[in-house]
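Colleague: Take a look and give me a structure for this.
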Amino acid sequence: MTTESFSQDLAALIKAVPTLHLKPGELDGGAPAIFAGNEPVFRCRSTELGHRYAALAVIAFEQLAMDAEKPVTAPSKAEPAVTPVCSAAAQADLA
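Modeller: Residues are numbered from 1 along each chain as shown. Modelled structure (predicted):
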């Protein structure tokens, strides 16, 4: 999958849902879930780890929503391209 096709697929999915602004909560019985408004859209495991994953997903969707609101433009020649850099320790962990 190319970056362009991924971006197009992602844009189509973003338009297909009513909101990307989600919030963590609990279903009846206390199971952690992620809600879009009052509607549960994801159920998570009923553990502390499940609550953490719910919080992580909400933060990721919020970032996605913010990025989706930004206009996509090609970098100008005056703006240098940004190259992600990670530490040698992180690279060693990925190897």
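
Colleague: switch to C-alpha atoms for all contacts and neighbour counts from now on
Modeller: Noted.

Colleague: helices or strands up against the helix ranked longest in the chain?
Modeller: Ranked by number of residues, the top helix in the chain under DSSP state H is helix 48-69. On a contact count with 3 or more Cα pairs under 8 Å, 6 or more residues apart in numbering; DSSP states H and E, helix 48-69 meets strand 23-26, strand 32-36.

Colleague: just these: most buried one?
Modeller: strand 32-36 (a mean of 22; mean count of other Cα atoms under 10 Å).

Colleague: which other residues reach it?
Modeller: Outside strand 32-36, the residues that touch it by Cα atoms under 8 Å, 6 or more residues apart in numbering are 19-27, 40-46, 50-51, 54, 58.

Colleague: For the residue most central in space within the chain, give its distance to residue 49.
Modeller: Most central residue of the chain, judged by C-alpha distance to the mean C-alpha position with Cα atoms, centre = their mean, is residue 60 at 3.0 Å. As judged by Cα to Cα, to the nearest Å, residue 60 and residue 49 stand 16 Å apart.

Colleague: Remind me which helix or strand residue 42 belongs to.
Modeller: Using DSSP states H and E, residue 42 sits within strand 39-43.

Colleague: partners of that strand in the sheet?
Modeller: strand 32-36 (antiparallel) (DSSP bridges).

Colleague: for the partner strand, what is the average pLDDT?
Modeller: Strand 32-36 comes out with an average pLDDT of 90.

Colleague: could I have it exported to CSV, CA atoms only?
Modeller: Presented in CSV, the C-alpha positions along strand 32-36 are these (Å, rounded to 0.1, in the frame of the first residue of the first chain):
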residue,chain,number,x,y,z
PRO,A,32,-14.3,-0.3,29.8
ALA,A,33,-15.5,1.0,26.5
ILE,A,34,-14.9,3.8,24.1
PHE,A,35,-17.9,6.0,23.2
ALA,A,36,-18.8,8.3,20.3
